[in-house]
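Novice: I would like the atomic coordinates for the input below:
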Amino acid sequence: MAYTTIKKPGDYFNNKIYTGNSGTQALTGVGFQPDMTWIKRRGSAEDHALFDAVRGVTKRITPSRDYAESTDAQGLTAFGTDGFTVGSSDAVNGSDNYASWNWKAGTGQGSSNTDGSINTTYTSVNTTAGFSISSYTGTGSNATVGHGLGVAPKMIIIRSTSNTSNWGVYHKSIGANKMLNLNTTAAEATNSGYFNNTDPTTTVFSLGDEGNDTNGSGKNYIAYCFAEKTGYSKFGSYVGNGNANGTFVYTGFKPAWVMRKYATGGSASGEGWEMLDSARSPFNVADERLKADSNGAESTGSNYYVDFLSNGFKCRTADNATNNSGATYIYMAFAEQPLIGDNPATAR
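Specialist: Numbers count the residues shown, from 1 in each chain. Here you go, the predicted model:
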């Protein structure tokens, strides 16, 4: 295995759990100034809330819904040098416990990227961590958009900010002629209109003539692009074995956060985007589950069992959402510690 260039994954991605106070509070301990923060209330039903530095604070989009962007004056109100500040909105700071997941892109909004046929309004990019955020306006016809990463992204999540639509997801494991929707439980589907049946290159990602979710004419979009970095991030797939001694997935690091989704095959269907992290589940087995496609409260139980290991994760259930026999699942994962380096990961 190649030596990771990211010795401290927590400099670029970090979980932050906290207790809301129904007022205003500045939350620290993230370890860096985040450029994207995704927040979910844990104890009761409430939609997810996602904020980023390109669109600006208080500008909320909702992974669990097809809503357009809204302004939440009491949502996330500032990105700080070691965290973020939240107002009194129930989505981010009610009388409950919360999970937040934080990523570092570039510095603030960034600038326009002109590599594609569509010039982005802003692109904030971190080539070290393999993450960029871009805003652009759709054309309604085949186009390309610059991502700034210098390597081809393995996963892209796109959301229209100006209209009601689904979240469009590209994942290398299913290819550019297929798509998923972050806000639904639907399995992978063939749709060349999303990504023009063209995998991303080192400079651009491609869009088809899809009229709403990724490239509607005159509609505004935000795109989150993720490239794989050894020892820090992994975007792949695995096939379930239908056994409590389940499939092992090698990532090359101890995971801090894993989101997985049933894609195709087996006898599973209608399974959502399962989210586990090491902050809410500090010991094995990890089973404190939230779902990106649902506003539901956090749930626990044997149906969600996963072990976070020093070099990946292992399914500990035959549940359809996790490990159905013959079913293919896609995942994205970020590291708590790399497997090798100055401070190599150990089992927990």
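Novice: all helices of the stretch 101-250 of the chain, in order?
Specialist: 192-195 (DSSP state H, counting those that start in this stretch).
Novice: now the strands for it?
Specialist: Secondary structure of the stretch 101-250 of the chain, counting by DSSP state E, counting those that start in this stretch: strands at 122-126, 131-137, 143-146, 155-160, 168-171, 178-181, 189-190, 204-207, 220-226, 233-239, 248-250.
Novice: distance to residue 336, mean neighbour count and mean pLDDT for those strands - can I get that in TSV?
Specialist: (Glycine included, C-beta is placed from N, CA and C.) TSV is the format used below for the strands of the stretch 101-250 of the chain (distance: least, Cβ to Cβ, whole Å; neighbours: other Cβ atoms under 10 Å; pLDDT from 0 to 100):
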stretch	distance to residue 336	mean neighbour count	mean pLDDT
strand 122-126	19	23	98
strand 131-137	17	25	98
strand 143-146	31	23	98
strand 155-160	19	24	98
strand 168-171	22	26	98
strand 178-181	26	23	98
strand 189-190	33	12	96
strand 204-207	28	25	98
strand 220-226	17	24	98
strand 233-239	12	20	98
strand 248-250	15	17	97
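Novice: okay, these in JSON lines with distance to residue 44 next?
Specialist: Conversion of the strands of the stretch 101-250 of the chain to JSON lines gives the following (distance: least, Cβ to Cβ, whole Å):
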{"stretch": "strand 122-126", "distance to residue 44": "33"}
{"stretch": "strand 131-137", "distance to residue 44": "30"}
{"stretch": "strand 143-146", "distance to residue 44": "38"}
{"stretch": "strand 155-160", "distance to residue 44": "25"}
{"stretch": "strand 168-171", "distance to residue 44": "27"}
{"stretch": "strand 178-181", "distance to residue 44": "25"}
{"stretch": "strand 189-190", "distance to residue 44": "32"}
{"stretch": "strand 204-207", "distance to residue 44": "37"}
{"stretch": "strand 220-226", "distance to residue 44": "27"}
{"stretch": "strand 233-239", "distance to residue 44": "31"}
{"stretch": "strand 248-250", "distance to residue 44": "31"}
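Novice: so which of those comes closest to residue 114?
Specialist: Proximity of those to residue 114 was assessed by Cβ to Cβ; the nearest stretch is strand 143-146, lying at 6.6 Å.
Novice: what is the burial count for residue 89?
Specialist: 22 (other Cβ atoms under 10 Å).
Novice: give the contact list for it.
Specialist: If you count contacts by Cβ atoms under 8 Å, 6 or more residues apart in numbering, residue 89 has them with 49, 72, 74, 75.
Novice: picking up where we left off before, closest to residue 311 out of the strands of the stretch 101-250 of the chain?
Specialist: Residue 311 lies closest to strand 248-250 among the strands of the stretch 101-250 of the chain, at 6.0 Å (Cβ to Cβ).
Novice: packing partners for the helix or strand that comes right after the closest one?
Specialist: For strand 248-250, the following helix or strand on the C-terminal side (DSSP states H and E) is strand 253-265. In terms of contacts (3 or more Cβ pairs under 8 Å, 6 or more residues apart in numbering; DSSP states H and E), strand 253-265 is packed against strand 13-19, strand 233-239, strand 273-277, strand 306-309, strand 312-315, helix 320-323, strand 327-338.
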